[in-house]
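Asks: the sequence and its predicted three-dimensional model are supplied below.
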Amino acid sequence: MSDRLSPQPDQKTSRPGWLRRLGSLAALVLLVYLLSQQGWGEIAAAMRKLSAWQLGLALLFTLCSRLAVTARWYVLLQGVNLPISFAQTLRITFAGLFASNFLPTTIGGDVIRLAGAAQVKDNQGQRCDPAVCAASLIVDRLVGMAGMAMALPFSLPGLPVLLQKLTWRSAGFATLHLFSSSAALLPNASHQDKRHSQISTISQWQHTLRQKILQVWQRLLNALNMWRHKPRTLLLSLAYSWIHMLCLYGILSLLLSGMGAPVSFWLIAGLYSLVYFVTLIPVSINGYGLQEISMTLIFSGMGQASVSNSLSIALLFRTLTILASLPGALFVSGMLSNDQKG
């Protein structure tokens with residue numbers, strides 16, 4: 001039966017795969033256009049304003065934000081008594097961060113984290129429940145989104161500035177046009193199954209697959225309910241999420257100040273939260289291109305930073321994120337092995 005199951009999932013997953021590839025291409029094309037308009041000389045001049053200690057401190061803030069993210073997830077894991085130590089959580093988290101930046105798109109950071117957490121064994125040799133591990137990742141994401149949503153109101157002072165910069169409407173329309181054009185190039189999802197002789201077989205395994213999905217979904221819902229009665233756990237994880245966010249805002253504030261374009265710390269908080277929610281749109285591979293474009297447009301359009309400074313901090317921010325994830329290369333293979341013990 002496994003041989004029959006393989007063709008159909010590949011066909012179903014082709015659409016989002018093409019969407020992300022085309023979205024990434026569109027985002028990168030627009031990013032290259034913005035870079036060509038500003039010129040590398042102007043961007044390099046903005047970066048040269050930063051001293052070595054500022055870059056070092058920014059990298060330290062990046063690492064601290066990763067530790068806060070680790071602590072946020074660890075609190076959630078401990079809240080439901082999963083036998084995962086902080087050291088194991090740290091290794092798994094950094095492995096996931098490395099996967100998000102360097103491994104193919106079919107291997108996401110959350111997949112690595114799920115694989116690593118589900119293979120941890122307690123003293124009796126029992127593995128963690130995969131459904132509970134998956135639920136912890138969902139709650140971790142939701143807590144992170146809740147924290148960012150709380151910072152959104154800080155972006156309101158930038159709205160009047162955005163309305164005055166009408167020239168950026170063309171760039172916004174260009175972005176929408178590129179993504180809409182990418183969506184138009186997607187293969188037609190209404191094509192029919194060409195193998196009419198296998199209709200009965202396909203219907204049979206589809207029913208079986210549907211039942212299994214419903215069972216997994218029910219287990220996931222039951223696992224998510226475990227945190228409903230853990231308000232202190234959720235609040236503590238939210239606190240760690242805020243530490244993570246404050247580190248990110250500190251990085252951007254440090255970079256902008258070093259380039260001679262200081263922006264209010266709390267305005268930075270609101271603007272980056274907008275960037276965060278834009279990058280959640282699944283039209284780009286790991287947010288490449290999309291994050292840089294959205295950060296450039298939002299910080300220059302609402303934060304009164306120049307385009308060259310906004311591009312510079314966007315590129316530096318991505319670089320710092322990648323550098324901070326490099327330790328995860330030491331742990332990826334371990335996350336995919338079967339010898340982790342609590």
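Replies: Right, received. Where do you want to start?

Asks: ranges for the strands of the stretch 151-300 of the chain?
Replies: Counting by DSSP state E, counting those that start in this stretch, no segments of the stretch 151-300 of the chain form strands.

Asks: for it, which spans come out with low pLDDT?
Replies: For the stretch 151-300 of the chain, the stretches flagged by pLDDT under 70 are 161-224, 283-288.

Asks: and the helices in it?
Replies: 159-164, 168-184, 199-224, 231-258, 265-279, 290-302 (DSSP state H, counting those that start in this stretch).

Asks: could I get the fifth one in PDB with only the CA atoms?
Replies: These are the backbone C-alpha positions of helix 265-279, laid out as PDB (Å, rounded to 0.1, in the frame of the first residue of the first chain):
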ATOM      1  CA  PHE A 265      13.100  51.900  20.500                       C
ATOM      2  CA  TRP A 266       9.400  51.300  20.800                       C
ATOM      3  CA  LEU A 267       8.800  52.300  17.200                       C
ATOM      4  CA  ILE A 268      11.300  49.700  16.200                       C
ATOM      5  CA  ALA A 269       9.400  47.200  18.300                       C
ATOM      6  CA  GLY A 270       6.200  48.000  16.400                       C
ATOM      7  CA  LEU A 271       7.800  48.000  13.000                       C
ATOM      8  CA  TYR A 272       9.700  44.800  13.500                       C
ATOM      9  CA  SER A 273       6.400  43.100  14.600                       C
ATOM     10  CA  LEU A 274       4.900  44.100  11.300                       C
ATOM     11  CA  VAL A 275       7.900  42.600   9.500                       C
ATOM     12  CA  TYR A 276       7.500  39.400  11.500                       C
ATOM     13  CA  PHE A 277       3.900  38.900  10.500                       C
ATOM     14  CA  VAL A 278       4.700  39.700   6.900                       C
ATOM     15  CA  THR A 279       7.300  37.000   6.800                       C
END
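
Asks: check which residues of it are buried.
Replies: L267, I268, A269, G270, L271, Y272, S273, L274, V275, Y276, V278, T279 (16 or more other Cβ atoms under 10 Å). Every C-beta, even on glycine, is put in place using the N, C-alpha and C of the backbone.

Asks: so which of these comes closest to S253?
Replies: I268 (5.5 Å; Cβ to Cβ).

Asks: got the contact list for that closest one?
Replies: Y249, L252, S253, L256, G303 (Cβ atoms under 8 Å, 6 or more residues apart in numbering).

Asks: would you mind putting the buried residues of helix 265-279 into a markdown table with distance to I298 alongside?
Replies: Formatted as a markdown table, the buried residues of helix 265-279 follow (distance: Cβ to Cβ, whole Å):
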| residue | distance to I298 |
| --- | --- |
| L267 | 11 |
| I268 | 11 |
| A269 | 12 |
| G270 | 10 |
| L271 | 5 |
| Y272 | 8 |
| S273 | 10 |
| L274 | 5 |
| V275 | 6 |
| Y276 | 10 |
| V278 | 8 |
| T279 | 11 |
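
Asks: hmm, P153 is touching G270, no?
Replies: Yes. Look at P153 against G270 with Cβ atoms under 8 Å: they come within range, at 6.7 Å.

Asks: what sits in contact with each of the two?
Replies: Contacts common to P153 and G270, judged by Cβ under 8 Å, 6+ apart, are absent.

Asks: thinking again about what came up before, so how do I select the buried members of the contacts of I268 in PyMOL?
Replies: Buried residues among the contacts of I268 (16+ other Cβ under 10 Å), as a PyMOL selection:
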select buried, resi 249+252+253+256+303
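
Asks: out of the contacts of I268, who's nearest S325?
Replies: Nearest to S325 among the contacts of I268, with distances taken as Cβ to Cβ, is L252, at 18.2 Å.

Asks: excluding chain neighbours, what is closest to the closest one?
Replies: I268 (5.0 Å; Cβ to Cβ, 6 or more residues apart in numbering).

Asks: what does K230 give?
Replies: In space, K230 is closest to G79, 4.6 Å off (Cβ to Cβ, 6+ apart).

Asks: touching, the one you found and P231? I think so.
Replies: No. Counting by Cβ under 8 Å, G79 does not reach P231; the two are 10.0 Å apart.

Asks: who has more neighbours, those two?
Replies: Legend: neighbour count by other Cβ atoms under 10 Å for G79 and P231, higher for G79 (19 against 9).
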